[in-house]
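In: Here's a sequence, model it:
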Amino acid sequence: MRNYTRFIPGEEIDAVEQWNFGAVDTAAQLMAAQVKAREEASDQVTNDALRQEGYAEGFVQGHAQATLEAQRQITDFIANQGQETARSFAQLFVSVQAQQADAEQVVARGVLELACELARQVLRRELSVNPHALQPVIREALGLLMAESKTALIRMNPVDIDVLEDVLRSEFSGLSLTLLADATVARGGCLIESAGTVVDGTIEKRWMRAVANLGLNPPWEESVVEQ
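Out: Residues are numbered from 1 along each chain as shown. The predicted structure is shown next:
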């Protein structure tokens, strides 16, 4: 092997090819383009990832807001329905109370009317079997009138006079009594006059006063409807 200090002899050079710097420039450009492409691709991936992340975050936020809004609407609906239900229930309760009160009034009035009818039947029977049933009424009326006068006119049904005349004259021997038979006065009743004052002790009047205290007004004698 030879050592060459400076030059290579021509006979030892088979071929010489001119160095082309353009090839180096092209390779560098290609490399630069590849690097740039990779950077752009990386940037694109990064941008896509950021964009997707933004979309995902926006979707999550939007979903959360939509969920909260739906929950709020459901809560408002339930609250409004609850208030409406409460109002409806209160109205229903008041209506039921009113209906119950009306029903109780109807039942109570029916019971009173039945009681009055029973009382009327009992009184009728008492007057028919007890001829002295009128005596306490006359005694009470004369007790009120005799403070002003010692005379009195007593109108009674003829049947009652026949039964009570002797009894009354004996009991009130210190009074001047005039007993007058009056067929218009029903049995069990009387009209007593003294010093311009009249005490209505008829059975009809006493009955009306008694039932009026109960808030009723049925007559003593039921009216008969002609056919």
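
In: Determine the set of other helices and strands touching the strand or helix carrying T178.
Out: Per DSSP states H and E: T178 is located in strand 176-181. Counting contacts by 3 or more CB pairs under 8 Å, 6 or more residues apart in numbering; DSSP states H and E, strand 176-181 is packed against strand 151-156, helix 158-171. (C-beta placed from N, C-alpha, C; glycine too.)

In: Give me the contact list for stretch 106-125.
Out: G188, I203, W207, A210, V211, L214, G215, L216, P218, W220 (CB atoms under 8 Å, 6 or more residues apart in numbering).

In: Go again with 10 Å.
Out: 133, 187-188, 203, 206-207, 210-211, 214-222 (CB atoms under 10 Å, 6 or more residues apart in numbering).

In: now the helices for this protein?
Out: Remark: helices assigned in the chain by DSSP state H are 21-129, 135-145, 158-171, 203-212.

In: could the ones you listed go into CSV alongside distance to A152, mean neighbour count and mean pLDDT?
Out: Formatted as CSV, those follow (distance: least, CB to CB, whole Å; neighbours: other CB atoms under 10 Å; pLDDT from 0 to 100):
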stretch, distance to A152, mean neighbour count, mean pLDDT
helix 21-129, 22, 10, 72
helix 135-145, 6, 16, 90
helix 158-171, 10, 15, 93
helix 203-212, 18, 16, 88
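
In: of all these, which lies closest to T151?
Out: helix 135-145 (9.4 Å; CB to CB).

In: any idea how far F89 lies from R125?
Out: Applying CB to CB, to the nearest Å, the value for F89 to R125 is 53 Å.

In: before we move on, back to that, for the strand holding T178, which strands pair with it and how are they oriented?
Out: Paired strands of strand 176-181, with direction, are strand 151-156 (parallel) (DSSP bridges).

In: How many neighbouring residues does L134 have?
Out: Residue neighbour count, defined by other CB atoms under 10 Å, stands at 23 for L134.

In: Could I get the contacting residues of it?
Out: 127, 154, 156-157, 160, 163-164, 168, 187-190, 201, 203.

In: What does the pLDDT read for A133?
Out: The confidence metric pLDDT takes the value 89 at A133.

In: So it sits against V159, correct?
Out: No. Between A133 and V159 there is no contact under CB atoms under 10 Å: 12.0 Å.

In: okay, and the common contacts of those two?
Out: Joint contacts of A133 and V159 (CB under 10 Å, 6+ apart) are R187, G188.

In: returning to what we had before: can you redo the helices and strands packed on strand 176-181 as CSV with distance to L179?
Out: Supplementary listing: the helices and strands packed on strand 176-181 in CSV, determined by distance: least, CB to CB, whole Å:
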stretch, distance to L179
strand 151-156, 5
helix 158-171, 6
